[in-house]
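Trainee: any chance you could fold what I've pasted below:
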Amino acid sequence: MSDQTAENKIEDNPQEEKNSKARQLLGMKGAAAGETNIWKIRLQLMKPITWIPLIWGVVCGAASSGNFTWSIENIFTAAACMLLSGPLMTGYTQTINDFYDREIDAINEPYRPIPSGAISIPQVVTQIIILLVGGLGLSYVLDLVAGHDFPVMFCLTLGGAFVAYIYSAPPLKLKQNGWLGNYALGSSYIALPWWAGHALFGELNWTIVILTLIYSFAGLGIAVVNDFKSVEGDRTLGLKSLPVMFGITTAAWICVIMIDTFQIGIASYLVVIHENIYAIILGVLILPQMIFQNIYFLRDPLENDVKYQASAQPFLVFGMLTAGLALGHAGI
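Mentor: Numbers count the residues shown, from 1 in each chain. Below you'll find the predicted structure:
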């Protein structure tokens with residue numbers, strides 16, 4: 001179906017037009033161009049739908065610290081950290097990614113704000129700077145609130161901003177490499193916010209760092225799911241995503257193997273540290289993911305990528321929280 005035919009179909013169906021505008025505002029696949037409100041356009045650039053995993057990662061880190069209590073002070077502190085990880089730094093990441101991806105988006109997602117001409121390049125650059133400065137400033141405040149002798153929150157934020165930059169920007173542009181790019185994305189979505197939440201309420205240690213980096217290989221698999229919608233543009237511009245390098249079917253299998261194997265590895269570690277109940281719960285949460293992989297993703301990853309994510313990822317994120325609670329209970 002051509003873009004023009006799709007737009008005509010949306011215009012003829014009020015409900016579809018409403019759904020399309022909602023997808024557009026959230027930064028989801030399947031939106032349509034036409035928004036003129038600059039603040040909605042800026043929000044679309046920040047892709048609010050992508051904030052959720054980062055916000056959840058903060059919750060997992062707070063849980064793994066073993067020190068979070070439901071005091072008013074802790075709730076507001078956690079909320080500030082969620083603001084840092086979600087709207088500010090994920091918003092920065094998504095905006096800078098759209099800035100450097102404007103050519104490929106013109107092929108894959110021409111309704112995005114930059115290729116559609118809804119926002120100018122200087123406006124995009126200003127947004128990137130404001131989000132970055134806001135994130136760094138808030139991280140410094142959180143270090144003061146937590147009483148850190150070393151500015152761990154500021155350093156994590158600065159490191160995350162650097163990874164986001166080299167992921168999207170030349171000459172490194174990690175996303176050109178399916179393995180490096182997807183792992184950078186997976187670790188940014190799992191490990192970084194987890195570290196922030198843990199450091200805010202406890203003392204970040206090497207065990208937590210290593211375990212979450214291992215968990216991030218499951219995040220690599222999740223990141224690969226997002227590559228299937230961009231196969232045409234990636235191939236045209238020479239980006240070596242896994243679906244381009246290995247083909248659709250093989251890449252889909254690589255994706256699900258990564259997602260399942262490293263979650264099972266974390267569950268096995270919980271058994272080793274005698275957190276057997278949590279290990280069982282995590283195992284139970286992995287099973288539905290395997291089922292949805294079979295009935296949706298492996299059968300047609302190009303058509304069912306969004307449906308698979310909507311069905312399976314809630315089980316993955318609750319599995320992350322289960323692991324965080326287990327580590328906090330074990331005093332890791």
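Trainee: got the contact list for residue 198?
Mentor: Shown in contact with residue 198 (CB atoms under 8 Å, 6 or more residues apart in numbering): 61, 62, 64, 65, 204, 208. No exception for glycine: its C-beta is placed from N, CA and C like everyone else's.
Trainee: then it would be within a strand, right?
Mentor: No: under DSSP: H, G, I helix; E, B strand; the rest coil, residue 198 falls outside any strand and is assigned helix.
Trainee: quick one on the thing from earlier: now, the contacts of residue 198 that are in helices?
Mentor: Using DSSP state H to define helices, the subset of the contacts of residue 198 located there is 61, 62, 64, 65, 208.
Trainee: of all those residues, which two lie farthest apart?
Mentor: Pairwise distances among these were taken by CB to CB; the largest, 12.0 Å, belongs to 62 and 208.
Trainee: give the contact list for the nearest residue to residue 152 once chain neighbours are set aside.
Mentor: Excluding its sequence neighbours, the residue lying closest to residue 152 (CB to CB, 6 or more residues apart in numbering) is residue 199, at 4.8 Å. Counting by CB under 8 Å, 6+ apart, residue 199 touches 61, 146, 148, 152, 153, 156.
Trainee: one more time with 7 Å
Mentor: Residue 199 makes contact with 152, 153, 156, according to CB atoms under 7 Å, 6 or more residues apart in numbering.
Trainee: then residue 221?
Mentor: 255, 256, 258, 259.
Trainee: of those, which belong to helices?
Mentor: Going by DSSP H, the helices hold 255, 256, 258, 259 from those.
Trainee: so what's the residue count around the closest residue to the second one other than its chain neighbours?
Mentor: The shortest distance from residue 256 to any residue that is not its chain neighbour, by CB to CB, 6+ apart, is 4.5 Å, and that residue is residue 293. Here the number of neighbours of residue 293 (other CB atoms under 10 Å) works out to 24.
Trainee: run a quick check on residue 293 versus residue 255, I expect a contact.
Mentor: No: the pair residue 293 / residue 255 is not scored as a contact, 8.5 Å apart, by CB atoms under 7 Å.
Trainee: so which residues make contact with stretch 165-182?
Mentor: Outside stretch 165-182, the residues within contact range by CB under 7 Å, 6+ apart are 96-97, 100-101, 184-185, 220, 223-224, 239-242, 245.
Trainee: which of the residues in that stretch are buried?
Mentor: By 16 or more other CB atoms under 10 Å, the buried positions in stretch 165-182 come out as 165-168, 173-178, 180-182.
Trainee: from those residues, pick the one nearest residue 329.
Mentor: Compare each of the buried residues of stretch 165-182 with residue 329 using CB to CB and the shortest gap goes to residue 182, at 31.1 Å.
Trainee: how close does the closest one sit to residue 239?
Mentor: Separation of residue 182 from residue 239 (CB to CB, to the nearest Å) stands at 12 Å.
Trainee: quick check, residue 233 in contact with residue 106.
Mentor: No: using CB under 7 Å, residue 233 is not in contact with residue 106, being 8.3 Å away.
Trainee: what about these two, which has more around it?
Mentor: Shown here are residue 233 and residue 106; by other CB under 10 Å, residue 233 has more neighbours (19 against 14).
Trainee: quick one: the helices in the stretch 101-250 of the chain, in order.
Mentor: Counting by DSSP state H, counting those that start in this stretch, the stretch 101-250 of the chain has helices at residues 102-108, 121-146, 152-168, 178-201, 206-225, 231-237, 242-246, 248-272.
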